[in-house]
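J.: need coordinates for the following:
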Amino acid sequence: MDEIKEFVVKTWFLEKGYGFATEPNDQDRFYVHASSVISGVVRLGSCIRARVVPSPDPGKRLELVDVEVLDSEVVEPVVDADGFEDFVVCFWNAERGIGTARSPHSHSRDGRGLFFGSKSILTLGRESLRPGSRIRGRRVPDLKYPEKECLADVEIYASA
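T.: Model (predicted):
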């Protein structure tokens, strides 16, 4: 259990300083606290390397320690010539075909994820969407709430 493994951050509460991560091909969630991070900045969708240890908190089973963020060197969003940028899925409801995503590099302008629906997805693979999946899309004004943005022309390029 003391070996170092790689994980993907699936949930991150910046204001609370903790979240949960999973191994890339596993559904088991591990608690991770900001105080356990030894290098880098954790964001939703971050790839991290850490050790799994039993939690000293009786309410938690296992947690991650000695956390190194592997992808923290990227801090600026990259928007290509066609207006596409990368996002990480925060939430996906397959039954309703709706979800939210955030830039892995920064928070959305209103602090929430950007909404997208299944009709905005251009590529196959929506059945594999889940929190942590990587997508590309364009920010556009939300038709229902013009003061907000949503995602259009979404392409799925890495499932969690």
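J.: tell me which residues touch Ile38, please.
T.: Asp66, Val67, Glu68 (CB atoms under 8 Å, 6 or more residues apart in numbering). For glycine as for every other residue, the C-beta is placed from the backbone atoms N, C-alpha and C.
J.: what residues are up against the first one?
T.: Okay, so that is Asp66. Under the criterion of CB under 8 Å, 6+ apart, the contact list for Asp66 reads Ile4, Ser36, Ile38, Ala50, Arg51.
J.: okay, the third one: pLDDT?
T.: This means Ile38. The predicted local distance difference test score for Ile38 is 83.
J.: adjacent strands (with direction) for the helix or strand containing it?
T.: Per DSSP states H and E, Ile38 falls inside strand 37-39. Partners of strand 37-39 in the sheet, by DSSP bridges, are strand 62-69 (parallel).
J.: following the chain past the partner strand, name the next helix or strand.
T.: The next secondary structure element downstream of strand 62-69 (using DSSP H and E) turns out to be strand 84-93.
J.: and that next one, how far from the chain's centre?
T.: Taking the mean of its C-alpha atoms, strand 84-93 sits 7 Å from the chain's own mean (CA atoms, centre = their mean, to the nearest Å).
J.: all good on my end, thank you.
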